[in-house]
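Asker: no sequence for this one, just the structure:
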């Protein structure tokens, strides 16, 4: 599964990022690697070097962002529906990711205003 000669390593990473974002983070790393024509290990090394995260970690972040957008669109949605809609195995896994990335439960985050949280960008910080 080696990449064709002459192709830039940057393009492999860009292609992987695009695949993960198009799938809203709900894609297996082996599938991403296959679409990029590299091995899973090689993709992991490239992404860690260029992005700072491996493909699985990056996919988890993208899935979390997708969940935030879902919470913003439907603030009264049940956590179990959010979990199902965003590719989580169950509500507990959703709650774990929200706690890890936002430091709150899904219900608390929704009531506090997801819009403000999800619109904060690193480039907006001083």
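Answerer: Received the coordinates, thanks. Predicted, not measured: the structure shown is a model, and the values here were computed from it.
Asker: can you pull the contacts of the most centrally placed residue in the chain?
Answerer: Centrality entry for the chain: nearest residue to the mean C-alpha point is residue 62, 1.9 Å, by CA atoms, centre = their mean. The contact partners of residue 62, by CB atoms under 8 Å, 6 or more residues apart in numbering, come to 20, 21, 24, 25. To be clear about C-beta, it is placed using only N, CA and C from the backbone, and glycine gets the same treatment.
Asker: at 6 Å instead, please
Answerer: 20, 21, 25 (CB atoms under 6 Å, 6 or more residues apart in numbering).
Asker: give me the buried entries from these.
Answerer: 20, 25 (16 or more other CB atoms under 10 Å).
Asker: taking the contacts of residue 62 one by one, which sit in helices?
Answerer: The helices, defined by DSSP state H, take in 20, 21 from the contacts of residue 62.
Asker: tabulate the contacts of residue 62 (JSON lines), appending distance to residue 32 and pLDDT.
Answerer: Converted to JSON lines, these look like this (distance: CB to CB, whole Å; pLDDT from 0 to 100):
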{"residue": "20", "distance to residue 32": "6", "pLDDT": "96"}
{"residue": "21", "distance to residue 32": "11", "pLDDT": "95"}
{"residue": "25", "distance to residue 32": "11", "pLDDT": "94"}
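Asker: show me the helices in the protein, by range?
Answerer: 9-22, 29-36, 40-50, 55-73, 79-85, 91-102, 106-112, 114-118.
Asker: could you list the low-pLDDT ranges of the chain?
Answerer: For the chain, the stretches with pLDDT under 70 are 1-7, 9, 112-126.
Asker: again, only using 50
Answerer: Across the chain, the ranges flagged by pLDDT under 50 are 1-6, 122-126.
Asker: including distance to residue 111, could the contacts of residue 62 go into TSV?
Answerer: Conversion of these to TSV gives the following (distance: CB to CB, whole Å):
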residue	distance to residue 111
20	29
21	28
25	24
